[in-house]
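**Student:** model the structure of this input:
(2 chains)
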Amino acid sequence: MTDKIPTPGSTEKDKKQAAKRRLSSNPSAAEWQATFDAVNSAIFITDKDCTIVQCNRTTEELFQRPAAEILGKKCYHLVYGADAPISACPLDVTQRTKHRHMLTFKQNDRWFELSVDPILDHAGKCIGSVHVINDITERKQAEQLVQEKEKAYRALFEQTNDAIFIISLEGIHLKVNPRVSEFLGYPTEEIVGRPVVDFIAPEERQDSMEKRFRLLAGEHLPVYERVFMRKDGTRVWGEVNVALVYDEQGKPSHIHSIVRDITERKLAEERLRQSEEKYRDLFQNAPVGLFRSRISDGKILESNDYIAHMFGYASREEFIAEHITAKHYVDPGTRERLLELLYQNGVVENFEARMRRKDGSIFWARFYDRIYPEQGWIEGVVQDITEQKEAQERLRQSEETYRNLFHNAQVGLFRTRISDGKILESNDQLAHMFGYSGRSEFVNQFSTQEHYVDPGTRERMLELIRRDGFIKNFEARFYRKDGSIFWARYSARIYPEQGWIEGVVEDITDQKRAEEEIHRLNAELEARIEERTRQLKEAQEQLVRQEKLAVLGQLAGGVGHELRNPLAVISNAVYFLKLILPEADEKVREYLDILERETRNAEKIISDLLDFARIKSVERQAIPVAELVRRVLERYPAPDNIRLTLDLPSDLPPLWVDPRQIEQVLGNLVLNAYQAMPEGGQLSVIGKPLSATEDLLITVRDTGPGIPPENLPKLFEPLFTTKAHGIGLGLAVSKKLIEANGGRIEVESEPGKGAAFNVILPIAKERQP
Amino acid sequence: MIHPTRILIVDDNPAMAKTTADILATKGYQVYVATSGQEALNILRREKIHILLTDVIMPDLNGVDLFIQGRQYHPTLITFLMTAYSADDLIHRGRQAGAKAILSKPLDLDLLLALVQGVEAAYLEHRP
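**Tutor:** Here you go, the predicted structure:
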């Protein structure tokens, strides 16, 4: 290949060869000398000992000395200035080889070419030499230039960062630089000799061929991009600069293709594209509103759909077309404030404002804005925080509610440390409960542990709460700050991880007191009920007795009256017999007396019955006690074994009573007294004025066995009797009669010491006749 | 001694009428006996009776009405009512009508005899 590359020295060489041929055509001495001198090269001849024997004019010029000074000199002395042949002396070699030998050397900044030809005798023995010296400095310089250029080109070819392909017109790689191997990932030998299209991405092969044809057709192709396939299958991008190279005849010779690896750039571009796409997607699809708006009025310049929807528009196009943010702030002055902040700080974060949607509804927005004053716009992010705001508001309200609840609760609320019951949190109510003025002097200072009144209570509570996780209505007594005691009822829940207990406390001291009071009252009530029941029972019994009595009364009314008739007959008969038998014997008279007395007793029983059944109207009059007592004793004379004592002073005021009724009363008392003393005794009737009430007290006292205490309350009840015979109406009737006459009756008795009936009756005063 | 006073004793219980009559007769009074109101009226119509001693409650004619009707025959008839009952209304009417005494049964015969004697004395005094 290189021999095809034209070199600058080739033409001169040909010319020299032609001159040589001309010289050897006519060998006359003069011509020789003339020719010899005309030659532009320095020529001199030496003998076999290297002594110069002949030289031409050019030699003189070259060495700048006359021939006389040159001839006879040793050649090495002339040429090199040396005293002995130099080591590389071509003459030596020539003498041995008997062929021309050449040497290039530099002398005084100039380059020379020395050729030494042997002069042989007939025997072929070397008898001298011809030295020809040419100044080749210019040629040398030209050659050097070419070499340097070539070297530079080679270096360029070898070291350039671009891949360089030398391609045949048919599209086969002729030569490539090492960079190509790196670029395509193939060893050079696998590239050279193979068609270009083998290394081009399939989709671009057609284009590659077309481009080659266009190039061959003489078209100048601008730089274009090409995708190459590497050996490992990956793709690389090249920026291709292609040119057609012509030979000396001007015919297309081959193609130069310089390819710059732009893969990195392409990938970066791709990444950028993807990135842009990604960001565009992000921008469009971000679940926040993104916008760019005009500073002057907030006109939307760019936005995503999200913000458009946020403001109630169907799409960003509609939003951008219509929306002027400045008109959509709910609260006047908001935008001005936002702009002020933006101008101040460049950015504004978490700016919250109420915005109006297209349809007029309102939402809360939060802005993150950045201002670009030079561009005249604001860029920002908007979030609809209405729900958040509402949630916050609800939370705030809820917190407030619970805080209020907590602090205003009429019960104590607490959080205590499990270990020692230290109050970690409480409301005032609890503090007050424990006698503190407020939670500030209570929380974190007070420990319940030290304030249980009853030892072991807290331990018991902890056991329960650890077992169940909670306790309900636990009751305990606590000391207040001032040492007083109160009853608390609390319910609580344990939080073992947090190490605390939370709960609610009620002061149930009043309740406890009330409970105790209720217990006491209950007991009292029970006692009362018992008493009342007893009374009722008694009343009932009395009622029963009275009912019995009512029936009895009716019965007695009927029977009594009916009995009176036969009694009247008996009474008449006795009277008649006593009348007609005045002289009857004693026994008959005794029996008649018995009949008479018993008839009177029977009549008495009937009278009592009838009187009890129906008290007759009271017909009062003034009457002395003594008179009544006299009548009674006349009617019921005292038996012989009973002594009678009357203490009825004559100055006693008269009674104001129904005489018959009081006579009946006194008769009853006297008869009872007689019957209480069957073995005899003393009956006293004593009259005595009561100064305090202006009443008169009449006492009827006997010396009988007395009345047992249990019988005293029942004494005046009807049908109560201790007698073997008698229906128990006497004292009941007496009581009724006394009360009907405005008096009362009492009894005193000590067993074994007799009984005394005290009858208190009104006296006749101005009514006295 | 024989008393001039004629006494009519009326009681639906014959034994009561008889015993009372016997006592008064024994004491010398002229007694008439009736065991019903109507019977007593018949006697009153026929005989000159000074004192009417009558039971109050009787089946056919009560003592008070007997007294009021009997007075038609004897305007000066003295009447004592006898009762075993506390029939207050009737007693009260008898008292209004002019009964001289209300005697409860069994009779206080001493009191009865005293009353009869008192009536006779007054009667004899005023007799023309």
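**Student:** low-scoring stretches of the stretch 401-550 of chain A, by residue?
**Tutor:** A:542-550 (pLDDT under 70).
**Student:** might you list the low-confidence residue ranges for the chain?
**Tutor:** In the absence of a named chain, chain A is used. Within chain A, the stretches with pLDDT under 70 are A:1-27, A:542-550, A:552-554, A:556-557, A:611-617, A:718-719, A:722-727, A:766-769.
**Student:** sorry, I should have been clearer: chain B.
**Tutor:** B:86-87, B:125-128.
**Student:** ranges for the strands of it?
**Tutor:** B:6-10, B:30-34, B:51-55, B:78-83, B:101-104 (DSSP state E).
**Student:** so what strands line up beside the second one?
**Tutor:** Translated: strand B:30-34. Using DSSP bridges, the strands paired with strand B:30-34 are strand B:6-10 (parallel).
**Student:** contacting residues for residue 85?
**Tutor:** I'll assume chain A. A:50, A:76, A:91-92 (Cβ atoms under 8 Å, 6 or more residues apart in numbering or on different chains). C-beta coordinates here come from the backbone N, C-alpha and C atoms, glycine included.
**Student:** look at chain B instead
**Tutor:** Residues in contact with B:Y85, defined by Cβ under 8 Å, 6+ apart, are A:561, A:564, B:56-57.
**Student:** name the residues of chain B found near chain A, please.
**Tutor:** Within chain B, the positions near chain A by Cβ under 8 Å from any Cβ of the partner chain are B:13, B:15-16, B:19-20, B:22-23, B:26-27, B:82, B:84-86, B:104-107, B:109.
**Student:** in helices, which of those appear?
**Tutor:** Applying DSSP state H to these, the entries found in helices are B:15-16, B:19-20, B:22-23, B:26, B:109.
**Student:** ok, and the most crowded of the residues you listed?
**Tutor:** Ranked by the number of neighbours (other Cβ atoms under 10 Å in any protein chain shown), those place B:T20 first, at 28 neighbours.
**Student:** burial count for A:L696?
**Tutor:** Other residues within reach of A:L696, judged by other Cβ under 10 Å, total 23.
**Student:** helix, strand, or coil at it?
**Tutor:** strand (DSSP: H, G, I helix; E, B strand; the rest coil).
**Student:** just checking, it touches A:V625?
**Tutor:** Yes. A:L696 lies in contact with A:V625 (Cβ atoms under 8 Å); the separation is 6.7 Å.
**Student:** what's the offset of stretch A:111-119 from the middle of its chain?
**Tutor:** The chain centroid and the centroid of stretch A:111-119 are separated by 108 Å under Cα atoms, centre = their mean, to the nearest Å.
**Student:** list the contacts for A:T137?
**Tutor:** Residues in contact with A:T137 (Cβ under 8 Å, 6+ apart) are A:109-112.
**Student:** mark which of the residues you listed are buried, thanks.
**Tutor:** Buried subset of the contacts of A:T137 (neighbour count, 16 or more other Cβ atoms under 10 Å in any protein chain shown): A:111-112.
**Student:** in strands, which of the contacts of A:T137 appear?
**Tutor:** Judged by DSSP E, those include A:110-112 as members of strands.
**Student:** before we move on, the earlier item: now, of the strands of chain B, which is deepest in the fold?
**Tutor:** The highest average neighbour count among those, using mean count of other Cβ atoms under 10 Å in any protein chain shown, belongs to strand B:51-55 at a mean of 27.
**Student:** for the stretch 451-600 of chain A, what spans make up the helices?
**Tutor:** A:457-468, A:509-580, A:586-613 (DSSP state H, counting those that start in this stretch).
**Student:** wait, I meant the stretch 101-250 of chain A
**Tutor:** Using DSSP H, counting those that start in this stretch, the helices of the stretch 101-250 of chain A run over residues A:137-159, A:178-184, A:188-191, A:202-216.
**Student:** buried sites along stretch B:37-46?
**Tutor:** B:37, B:39-41, B:43-44.
**Student:** please name the bridge partners of A:E425.
**Tutor:** Assessed by DSSP bridges, A:E425 has beta-bridge partners A:R415.
**Student:** could you check how far the spatially most central residue of chain B is from B:N42?
**Tutor:** The residue lying closest to the centre of chain B (Cα atoms, centre = their mean) is B:L53, at 1.4 Å. B:L53 is 17 Å from B:N42, where distance means Cβ to Cβ, to the nearest Å.
**Student:** how about B:I2?
**Tutor:** From B:I2 to B:N42 the distance is 25 Å (Cβ to Cβ).
**Student:** likewise for A:D384?
**Tutor:** A:D384 is 132 Å from B:N42, by Cβ to Cβ.
**Student:** now the closest residue to B:I102 other than its chain neighbours, which residues is it bridged with?
**Tutor:** Excluding the flanking residues, the one nearest B:I102 by Cβ to Cβ, 6 or more residues apart in numbering or on different chains is B:L81, at 5.1 Å. For B:L81, the beta-bridge partners under DSSP bridges are B:T54, B:I102.
**Student:** so how far is chain A from B:L81?
**Tutor:** Using Cβ to the nearest Cβ, to the nearest Å, B:L81 is found at 14 Å from chain A.
**Student:** does B:T54 touch B:I43 like I think?
**Tutor:** No. Taking Cβ under 8 Å as the definition, B:T54 is not a contact partner of B:I43, at 11.2 Å.
**Student:** now the common contact residues for the two.
**Tutor:** B:L8.
**Student:** how about the helices of the stretch 451-600 of chain A, which one is nearest chain B?
**Tutor:** helix A:509-580 (3.5 Å; Cβ to the nearest Cβ).
**Student:** and chain B, is that closest one touching that?
**Tutor:** Yes. Counting by Cβ under 8 Å from any Cβ, chain B is contacted by helix A:509-580 at A:561-562, A:564-573, A:575-576, A:579-580.
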